[in-house]
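>>> Structure of the sequence below:
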Amino acid sequence: MNRKTSAGALFIVATPIGNLGDITRRAVETLATVDLILAEDTRRAAALLSHLGIRAPVQSFHQHNEAARLPAVLRRLAAGAQVALISDAGTPLISDPGRRLVRRARQAGVRVSPLPGASAVTAALSAAGQPAARFCFEGFLPATAAARARRLRELRDDPRTLVCYESSHRIAATLAAMAAAFGDAREVTVAREISKRFETFYCGDLAEVRAALAAAAEHRKGEFVIITAGAPPTPAPADHRAQEIMELLSAELPLTRASRLTAQITGVNRNTLYAAAVKARDESGEE
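Numbers count the residues shown, from 1 in each chain. Here you go, the predicted structure:
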């Protein structure tokens with residue numbers, strides 16, 4: 001539906017996720033000229049604006065005060081104010097507050113204009129080397145172990161690349177939960193501190209990446225994006241010989257080793273064999 005817009009405008013401004021040089025020229029020009037900047041964290045905003053040499057009114061706007069601040073912001077927009085919304089880092093509304101403001105502004109006829117820029121999701125995907133034509137973004141997985149395990153089981157058979165955020169104090173537990181749900185053989189890329197001084201990418205299967213992160217405590221510090229390969233197709237009926245061999249070997253060996261040996265014998269993809277075995281085990285209720 002087309003709606004006549006007011007003179008005011010709400011700009012959704014992407015800011016750097018690490019390296020301050022990643023700010024766009026248009027973002028700088030916009031932040032320098034708006035009447036008000038809404039910031040998820042005013043301290044982070046102050047550091048960025050100081051670096052850019054910008055002096056502008058800044059007001060906190062986060063998940064705990066969004067509802068209370070919304071009416072006043074909408075009144076200013078309706079009166080013709082130019083307002084910018086920024087998050088702690090990256091593109092606003094991607095796992096950040098602001099959805100209600102955007103919806104209400106549009107409903108009121110206010111122009112809402114995005115200023116593209118840094119995003120941890122797209123930055124991590126671009127350097128992971130995994131399929132990105134279709135992917136599933138989960139944001140942060142549930143904090144509790146039981147809820148996290150349940151959600152990962154729901155995602156186990158999704159063929160799309162899975163992308164999620166994680167914090168330093170949960171990265172080890174989340175990767176362990178992924179290994180339990182998907183199997184150690186599932187390919188994963190963990191991007192740490194993207195665009196910052198200690199930017200690191202860990203690539204391999206879940207067993208390898210978990211071992212790399214466990215090798216040194218400093219590897220588990222910072223902010224993480226986890227990119228996990230989608231579920232491989234299950235073996236076709238023509239692969240019944242591979243299934244039989246896999247069943248025999250997995251009765252005596254861990255699934256990781258059994259799938260590797262079966263793949264060597266039959267030529268069937270190791271990840272496919274492992275995924276099918278994990279699924280069969282879970283459906284049978286075996287430990």
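>>> residue ranges for the helices of the stretch 151-287 of the chain, please.
171-182, 206-214, 240-250, 255-266, 270-284 (DSSP state H, counting those that start in this stretch).
>>> Going by mean pLDDT, which of these comes out lowest?
When the helices of the stretch 151-287 of the chain are ranked by mean pLDDT, helix 270-284 comes last with a mean of 78.
>>> hang on, the earlier thing: in a markdown table: the helices of the stretch 151-287 of the chain, plus mean neighbour count.
No exception for glycine: its C-beta is placed from N, CA and C like everyone else's. Below are these laid out as a markdown table (neighbours: other Cβ atoms under 10 Å):
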| stretch | mean neighbour count |
| --- | --- |
| helix 171-182 | 20 |
| helix 206-214 | 18 |
| helix 240-250 | 17 |
| helix 255-266 | 18 |
| helix 270-284 | 18 |
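>>> so can I have a markdown table of those helices showing distance to Asn65?
Putting the helices of the stretch 151-287 of the chain into a markdown table (distance: least, Cβ to Cβ, whole Å) gives the following:
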| stretch | distance to Asn65 |
| --- | --- |
| helix 171-182 | 29 |
| helix 206-214 | 36 |
| helix 240-250 | 54 |
| helix 255-266 | 49 |
| helix 270-284 | 43 |
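>>> Low-confidence regions, this protein specifically.
In the predicted model, the chain carries pLDDT under 70 at residues 1-6, 234-238, 283-287.
>>> any idea how far Arg76 is from the most centrally placed residue in it?
Among the residues of the chain, the one closest to the centroid is Cys164, at 3.2 Å (Cα atoms, centre = their mean). Distance, Cys164 to Arg76, using Cβ to Cβ, to the nearest Å: 36 Å.
>>> ditto for Ala9
11 Å.
>>> residue contacts, Ala79?
The contact partners of Ala79, taken as Cβ atoms under 8 Å, 6 or more residues apart in numbering, are Gly8.
>>> residue contacts, the closest residue to Glu199 other than its chain neighbours?
Closest residue to Glu199 apart from its sequence neighbours, by Cβ to Cβ, 6 or more residues apart in numbering: Glu193 at 5.1 Å. Residues in contact with Glu193 (Cβ under 8 Å, 6+ apart) are Gly18, Glu199, Thr200, Gly222, Glu223.
>>> So the second one sits against Val190, correct?
No: look at Glu199 against Val190 with Cβ atoms under 8 Å: they stay out of range, at 11.7 Å.
>>> So for those two, which sits in the more crowded spot?
With neighbours defined as other Cβ atoms under 10 Å, Glu199 and Val190 compare such that Val190 has more, 26 against 15.
>>> Quick check: chain neighbours aside, which residue is closest to the more buried one?
Tyr202 (4.4 Å).
>>> Share the number of residues neighbouring that neighbour, please.
19.
>>> And it, how far from Ile17?
Taking Cβ to Cβ, one finds Tyr202 at 18 Å from Ile17.
>>> ok, now Thr228?
Counting by Cβ to Cβ - Thr228 and Ile17 are separated by 20 Å.
>>> Just name the closest of the contacts of Glu193 to Ala212, please.
Thr200 (9.4 Å; Cβ to Cβ).
>>> Might one say that that closest one is in contact with Arg192?
Yes: taking contacts as Cβ under 8 Å, Thr200 lies within contact range of Arg192: 4.5 Å.
>>> what is in contact with the two at once?
By Cβ under 8 Å, 6+ apart, the residues touching both Thr200 and Arg192 are His219.
>>> And those two? Which one has more around it.
Comparing Thr200 with Arg192 by other Cβ under 10 Å, the one with more neighbours is Arg192, at 22 against 16.
>>> Touching, the more buried one and Cys203? I think so.
No: with contact defined as Cβ under 8 Å, Arg192 does not reach Cys203; the gap is 11.7 Å.
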